[in-house]
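> turn this into a structure:
(chains A and B)
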Amino acid sequence: MTTQNDTLLHVSNLKKHFPIYNRGILGKRVTNYVKAVDGVNFTISRGEVLGLVGESGCGKTTTGRTILRAETPTDGSIIFRDNDKGEIDLALLNREELRDVWRNIQLIFQDPYSSLNPRMTLEQIVGEPLHNYDVLKGGALRDRVAELLGLVGLRPEYMSRYPHAFSGGQRQRIGIARALALNPQMIICDEPVSALDVSIQAQILNLLQDLQAQFQLTYLFISHDLSVVRHLCHRVAVMYVGKIVEIASTEELFNNIQHPYCEALLSSAPTPDPRAKRKHVPLIGEVPDPANPPPGCYFHPRCLYAKEQCKAEPPLLREVKPGHWSACHFSEELSLGS
Amino acid sequence: MSDVLLEVNDLHVSFFLTEGIVRAVSGVSFQIERGKTLGIVGESGCGKSVTARAILNMVRPPGRIVSGEINYYGQSDTPIDLAKLDPHGAEIRRIRWGEISMIFQEPMTSLSPVHTIGNQMIEAIRLHMDMSKQDAAAHAVGLLARVGLAQPERLLTRYRHELSGGMRQRVMIAMALSCNPKLLIADEPTTAVDVTTQAQILNLMRDLQQEFGMAIIFITHALGVIAEVADHVVVMYLGEEAEVADVDTIYYKAAHPYTQALLRSIPRHDIKLDRLETIEGNVPDPMNMPDGCKFHPRCRHYDPGKCANPALLQIGEQHWSRCARAHEINPQLSRTEQPS
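Okay, the predicted model is just below:
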């Protein structure tokens, strides 16, 4: 994965290990690490929507938080190509420098109820980023907030109301307006539609899609829902126990699976069609503990195709076809998902 | 005995709050056959969970069953009306768990934090079946093994916090099956678990249904799950059934605008879609429901002259729709059948 000119973000060998402490009579000792993110590599181009998908505990949210530097990475680099400052490694920045970067990277949260301050009006919530960075003041700020509310499909007259007056879908729109306020170069969306009802989910997905097209936005879209990811993303990365196991363009990934875990994941997703032929690839057992992962390939104890090599040798993420990367020793030999 | 196991007729459940009355379920009727799976699908606030609780006469105050019948054909052809039973009486307590059991969305809160899995299971079994403690323990071990849990003997001594989400839901299923129920009510049983665990649990429930022959009422908001598990489907909206039919009809010949719109609004992992259709607006406030057809403010087929007060119309042999224009609006062609 080489850094090209249109690359906005280049994450390489990103690690985030959380220490596990043992409090004994001799004080606090680190006994082990939860390897939440364990050597993740990917790039996002300008104007691209990259989906980061996996089950709970796979490290997708921690990856997003570490890129934002809400967590300090244990290792690795996060090269961000800023419009003004050129290439910067987010992993090395201190708090003050980060403040500048955060203008350009914004976050949309999963829970539209806890992510908005109930004591602030819409004007204050959406205008807060503009105010914090001293971009606009007074009437100009109000005009910009009105414009942002219009963009996300809310009436500007709502500006003086508080979040409790709004439904879940409307609150998610408020969160999106806030994320757009500073014209960021990248938005990290962490499960933005998971808490919403079916009929509202479609409205928000369409809004995110429209805004992306209108402003050529770049999204890192974190989700557990394969249907949502297929619908919205240009490329998809699948994570399992802190590592990316497969990454490819969306249609390539869904039509031409190269990793046994992704095959099992996709076959587990229910299809809203009673005539669809079920081809469940059953997954036995549970996701391993990220503090004590198995040796070799982390997926081998549950893999239908595991061989001796898989038990000893951790597979590297490698390009098995142009633009299609898979972390399986036997991607070429297996014909999966058919 | 007839094929019908449970029949709900014109059920009304209301919650009497200080702010007003919320009619959570207003006139729902459906039936479920022995050994079959009925899916109840709808968005939050549509009354699907309240309906399930009403079947077991477990609606909590300030809510109560206002009217309607819940005829349960358990032992004979003379039904017991569960809605008329004393919610704390001996009869309903025998039927709950003994004949009709229920599993919930969050297995964490349905298991006791201070009792071992074994104690909870043995107590439930001995309440409903005449068994010694040893026999009940052996029965529990057999059930835990049957739902695919490893080392069931050791599991009896564990507490709920020692288990993963998927394991807890399996324990709940084992408990729910412990008295050979005739009906299992599953309220969003896989909503809190991951998709691979969900597939395991759905497979397990399918296998267990074939083995034990119980009927299942499966409540969910996920249309994908309903398509996989249900024989018949009730689509609910604001406390009423919008449409009732067999699963194939719901997905291929839906005749209610809400069902049609729901199916077109979901993203799919199996086919590429360019754009989702949306249902405009929000689910109305339950205190302030629209007059006439409850879906009319969001319906694109609304005609003020025709849609005054739609009744549940029978439009096919096993197909009902609460839409006054059900005969006019074209049955939706499924996406897979649409020419691309």
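> now do the residue nearest to residue B:161 when sequence neighbours are not counted against chain A, distance only.
Nearest residue to residue B:161 in three dimensions, chain neighbours excluded: residue B:113, at 6.8 Å (C-beta to C-beta, 6 or more residues apart in numbering or on different chains). Every residue, glycine included, has its C-beta placed from N, CA and C. Per C-beta to the nearest C-beta, to the nearest Å, residue B:113 is found 21 Å from chain A.
> wait, residue B:113 sits on residue B:160?
Yes: using C-beta atoms under 8 Å, residue B:113 is in contact with residue B:160, at 5.9 Å.
> neighbour count winner among these two?
A direct count of neighbours by other C-beta atoms under 10 Å in any protein chain shown for residue B:113 and residue B:160 places residue B:160 higher, at 21 against 9.
> who are the contact partners of the more buried one?
B:107, B:108, B:111, B:112, B:113, B:117, B:168, B:171 (C-beta atoms under 8 Å, 6 or more residues apart in numbering or on different chains).
> for residue A:148, same thing?
If you count contacts by C-beta under 8 Å, 6+ apart, then residue A:148 has A:126, A:177, A:178, A:180, A:181 around it.
> ok, now with 10 Å
A:122, A:126-127, A:130, A:154, A:156, A:173-174, A:176-181 (C-beta atoms under 10 Å, 6 or more residues apart in numbering or on different chains).
> pretty sure the residue nearest to residue B:161 sits against residue B:158.
No: Residue B:113 is beyond contact range of residue B:158, at 11.9 Å (criterion: C-beta atoms under 10 Å).
> give the residues shared as contacts by those two.
By C-beta under 10 Å, 6+ apart, no residue touches both residue B:113 and residue B:158.
> returning to that earlier point: redo the contacts of residue B:160 as TSV? Include secondary structure, distance to residue B:7 and pLDDT.
What follows is the contacts of residue B:160, written out as TSV (DSSP: H, G, I helix; E, B strand; the rest coil; distance: C-beta to C-beta, whole Å; pLDDT from 0 to 100):
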residue	secondary structure	distance to residue B:7	pLDDT
B:107	helix	29	68
B:108	helix	33	71
B:111	coil	32	88
B:112	coil	34	89
B:113	coil	38	91
B:117	helix	35	93
B:168	helix	33	88
B:171	helix	31	91
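> make JSON lines from these and add distance to residue A:29 to it.
Listed next are the contacts of residue B:160 as JSON lines, based on distance: C-beta to C-beta, whole Å:
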{"residue": "B:107", "distance to residue A:29": "35"}
{"residue": "B:108", "distance to residue A:29": "31"}
{"residue": "B:111", "distance to residue A:29": "33"}
{"residue": "B:112", "distance to residue A:29": "34"}
{"residue": "B:113", "distance to residue A:29": "29"}
{"residue": "B:117", "distance to residue A:29": "33"}
{"residue": "B:168", "distance to residue A:29": "32"}
{"residue": "B:171", "distance to residue A:29": "35"}
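> which one of these is nearest residue A:138?
The shortest approach to residue A:138 among the contacts of residue B:160 belongs to residue B:108, at 49.7 Å (C-beta to C-beta).
> helices of the stretch 151-300 of chain B, residue ranges please.
B:152-155, B:165-176, B:195-212, B:223-229, B:247-252, B:257-265 (DSSP state H, counting those that start in this stretch).
> possible to save those helices as CSV with distance to residue A:138 and mean neighbour count?
Below are the helices of the stretch 151-300 of chain B laid out as CSV (distance: least, C-beta to C-beta, whole Å; neighbours: other C-beta atoms under 10 Å in any protein chain shown):
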stretch, distance to residue A:138, mean neighbour count
helix B:152-155, 65, 17
helix B:165-176, 50, 24
helix B:195-212, 49, 19
helix B:223-229, 48, 23
helix B:247-252, 55, 21
helix B:257-265, 41, 23
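> dump these to a markdown table, plus distance to residue B:125.
Listed next are the helices of the stretch 151-300 of chain B as a markdown table, based on distance: least, C-beta to C-beta, whole Å:
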| stretch | distance to residue B:125 |
| --- | --- |
| helix B:152-155 | 14 |
| helix B:165-176 | 9 |
| helix B:195-212 | 15 |
| helix B:223-229 | 27 |
| helix B:247-252 | 34 |
| helix B:257-265 | 40 |
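> if we can go back for a sec, would you check how far apart the residue nearest to residue B:161 and residue A:50 are?
41 Å (C-beta to C-beta, to the nearest Å).
> again, but for residue A:253
Using C-beta to C-beta, we find residue A:253 at a distance of 12 Å from residue A:50.
> closest residue of the stretch 1-150 of chain B to chain A?
Going by C-beta to the nearest C-beta, chain A is nearest to residue B:43 of the stretch 1-150 of chain B, at 4.2 Å.
> which SS class is that residue?
The three-state label given to residue B:43 by DSSP: H, G, I helix; E, B strand; the rest coil is coil.
> check what pLDDT residue 305 gets.
Defaulting to chain A. At residue A:305, the predicted lDDT confidence score is 92.
> my bad, the chain I had in mind was chain B
Confidence at residue B:305, expressed as pLDDT, is 81.
> next helix or strand past the helix or strand of chain B with the lowest mean pLDDT?
Within chain B, no helix or strand scores below helix B:107-110, which has a mean of 75 by mean pLDDT, DSSP states H and E. Per DSSP states H and E, helix B:107-110 leads on to helix B:117-128 as the next helix or strand towards the C-terminus.
> hang on, the earlier thing: distance of the residue nearest to residue B:161 relative to residue B:3?
Using C-beta to C-beta, residue B:113 is found at 41 Å from residue B:3.
> I'd assumed residue A:220 was in contact with residue A:229.
No: in this structure residue A:229 lies outside contact range of residue A:220 using C-beta under 10 Å: 11.8 Å.
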